[in-house]
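Enquirer: Predicted model and sequence follow; I will ask about them next.
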Amino acid sequence: SLFDEPLAIAVQGLGPRQQVTLRTSLRDETGELFQASARYQAGDDGELDLARCPALPGGSFAGLEPMGPLWALQPQKPFWRLVKRDVQSPFLLQLEVFEGHGERPGRLLARAQHERAFLRDGVRRVPVRAGRIRATLFLPP
């Protein structure tokens, strides 16, 4: 998906009302780790849909926040900021679902990787240099 587009996150195959912890993580271009986690309870049907299920207190955020696992990402190194310098390569977002709640994660139930790209296919990147001006022009296909 593109970095500025909403991401739909859902987990199927859980037990009815099963408690799980969702952890998201990514590494920036320098290798610094950013992570967020949230506690959830699956619905009666065993599905966890972040658009319908609020995060429970005790994680990086709480409440109905479908994009919370992304905006709540925090660096492991204090005062570090998530900055993208090379927009031609995507961020690789790791998503993991663990059994239960608590300080130490339970058994790993599911894992997925998702690419968050910055340029749509076909977009041309043109460097601009005019006098003291330095810029980049992005042209749609």
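Expert: Alright, I've got the coordinates. Numbers count the residues shown, from 1 in each chain.

Enquirer: Tell me the secondary structure at A36.
Expert: strand (DSSP: H, G, I helix; E, B strand; the rest coil).

Enquirer: What is the neighbour count of it?
Expert: As a burial measure, A36 scores 19 neighbours (other CB atoms under 10 Å). The way it works is simple: take the backbone N, C-alpha and C, and place the C-beta from them, glycine included.

Enquirer: does it really touch Q76, like I thought?
Expert: No - using CB atoms under 8 Å, A36 is not in contact with Q76, being 11.6 Å away.

Enquirer: any idea how far D4 lies from R17?
Expert: 34 Å (CB to CB, to the nearest Å).

Enquirer: neighbour count winner among the two?
Expert: Between D4 and R17, R17 has the larger neighbour count (other CB under 10 Å), namely 11 against 7.

Enquirer: My read is that the more buried one contacts D45, right?
Expert: No - assessed by CB under 8 Å, R17 is found out of contact with D45, at 9.7 Å.

Enquirer: pLDDT (mean, whole number) over stretch 95-115?
Expert: For stretch 95-115, mean pLDDT is 93.

Enquirer: and that stretch, C-alpha only, in PDB?
Expert: C-alpha atoms of stretch 95-115 as PDB (Å, rounded to 0.1, in the frame of the first residue of the first chain):
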ATOM      1  CA  LEU A  95       2.800  -7.400  12.100                       C
ATOM      2  CA  GLU A  96       2.700 -10.100  14.800                       C
ATOM      3  CA  VAL A  97      -0.200 -11.500  16.800                       C
ATOM      4  CA  PHE A  98       0.600 -13.000  20.200                       C
ATOM      5  CA  GLU A  99      -1.700 -15.000  22.500                       C
ATOM      6  CA  GLY A 100      -2.900 -13.100  25.600                       C
ATOM      7  CA  HIS A 101      -2.000  -9.800  27.200                       C
ATOM      8  CA  GLY A 102       0.900  -8.900  29.500                       C
ATOM      9  CA  GLU A 103       4.500  -7.600  29.600                       C
ATOM     10  CA  ARG A 104       5.900 -10.700  28.000                       C
ATOM     11  CA  PRO A 105       4.200 -11.800  24.800                       C
ATOM     12  CA  GLY A 106       2.600 -15.200  24.700                       C
ATOM     13  CA  ARG A 107       2.800 -17.800  21.900                       C
ATOM     14  CA  LEU A 108       3.100 -16.300  18.400                       C
ATOM     15  CA  LEU A 109      -0.100 -17.000  16.500                       C
ATOM     16  CA  ALA A 110       0.500 -15.100  13.200                       C
ATOM     17  CA  ARG A 111       3.000 -13.000  11.400                       C
ATOM     18  CA  ALA A 112       2.900 -11.000   8.200                       C
ATOM     19  CA  GLN A 113       5.000  -8.400   6.400                       C
ATOM     20  CA  HIS A 114       3.600  -5.500   4.500                       C
ATOM     21  CA  GLU A 115       5.300  -3.000   2.200                       C
END
